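> Predicted model follows, preceded by the sequence.
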Amino acid sequence: MASISVVINTYNAQRVLRECLAALKFADEIIVCDMYSTDDTVKIAKEFGCKIIYHEKADCAEVARNWAHSQISGDWLLVVDSDEIVTPELANYLKTFSENKDGFTTLSFPIQDYVWGKPLHCMYRHSVKRFWKKGCAEYEAHVHGGVKTLNGKDFKVSPSRKELALQHYHVDSIESYLEKINRYTTLEQIRFKNKNTKFSVFKLFVRPIYEFFKIYILKKGFLDGMTGFIFAVLHAQYKFVQHAKLYEIEYKKKNPNLLY
């Protein structure tokens, strides 16, 4: 039978880690790649017999992910975050897929985000590539980088198969989400610089409006009540802050003699 390795990249990730690891008993190997956490992350990983490796703290996890993925001994790799839980249905599907899907080397499946402990319609992602044969895919090395297939063919689970969705316990508080908005919008400036992206008044106004419309209307956030409305606004705020920071950078470059 094909063997499955799971890699989890962590930094101060104790919040849902026990539940995450308890759901991974089907795996032949669990590797926790830690960026020198100061909480109980490593202690919990040791309780579950995980193989623990260390990587220096990086601005984006994608570089550390690719390095950690090169350390696996299994035939197949499953990428899981510390706040995600693999359902029994998904675990069985992965085992079957690794044995029977000849010619396919990667698998994408849905992810259901949970906010304040409940799943939201507007935060259901239809297809995310998280399972592949060793050496057949890798992350793009920038913040929120996608996964590119290096060898073989891709297979996607139908979004209607909600029982196969990875459960992502994404947001525990608005405070933590605002911290992520601030951190990731700063990291996005590196991507903007590499792509030579310039500030646009149009994007500053339109992108937040479109993001709200996408989350609240197109993805049916209105069905999630007040929680859906709040997080549609926060998603819009992410886009606004992203482009506002780009304006700030360009403004300060043009006005270097002002007191900041």
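Looks like it arrived, so ask away.

> and the lengthiest helix in the chain, what other elements does it pack with?
The longest helix of the chain (DSSP state H) is helix 225-254. In terms of contacts (3 or more CB pairs under 8 Å, 6 or more residues apart in numbering; DSSP states H and E), helix 225-254 is packed against strand 118-133, helix 174-194, helix 201-213. For every residue, glycine as well, the C-beta is placed using N, CA and C.

> Would you mind pulling up the elements that the shortest one packs against?
Helices and strands in packing contact with helix 201-213 are listed as helix 225-254; criterion 3+ CB pairs under 8 Å, 6+ apart.

> which ones are touching the closest residue to Asn92 other than its chain neighbours?
Counting by CB to CB, 6 or more residues apart in numbering, Phe26 is the residue found nearest to Asn92 once chain neighbours are left out, at 7.8 Å. The contact partners of Phe26, by CB atoms under 8 Å, 6 or more residues apart in numbering, come to 4, 86, 91-92, 94-95.

> Just the buried positions in the helix or strand hosting Ala68, please.
Element membership of Ala68 [criterion: DSSP states H and E] is helix 61-69. For helix 61-69, a neighbour-count test (16 or more other CB atoms under 10 Å) marks 61-65, 67-69 as buried.

> Then stretch 155-168?
Buried-residue list, stretch 155-168, by 16+ other CB under 10 Å: 155, 157, 164-168.

> Just those residues: which are in helices?
Per DSSP H, the subset of those in helices is empty.

> re earlier: convert the C-alpha atoms of the helix holding Ala68 to PDB, please.
The C-alpha coordinates for helix 61-69 follow below in PDB (Å, rounded to 0.1, in the frame of the first residue of the first chain):
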ATOM      1  CA  ALA A  61       5.300  29.900   5.300                       C
ATOM      2  CA  GLU A  62       5.600  28.800   1.700                       C
ATOM      3  CA  VAL A  63       9.400  28.700   1.800                       C
ATOM      4  CA  ALA A  64       9.400  26.600   5.000                       C
ATOM      5  CA  ARG A  65       6.700  24.400   3.600                       C
ATOM      6  CA  ASN A  66       8.700  23.400   0.500                       C
ATOM      7  CA  TRP A  67      11.700  22.600   2.700                       C
ATOM      8  CA  ALA A  68       9.600  20.500   5.100                       C
ATOM      9  CA  HIS A  69       8.000  18.700   2.200                       C
END
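
> now the angle from that helix to strand 118-133?
Orientation check (axes from the mean of the first three to the mean of the last three CA atoms, to 10 degrees): helix 61-69 against strand 118-133 gives 50 degrees.

> what's the average pLDDT for the helix or strand just after helix 61-69?
Going down the chain from helix 61-69, the next helix or strand is strand 76-79, by DSSP H and E. Averaged across strand 76-79, pLDDT comes to 97.
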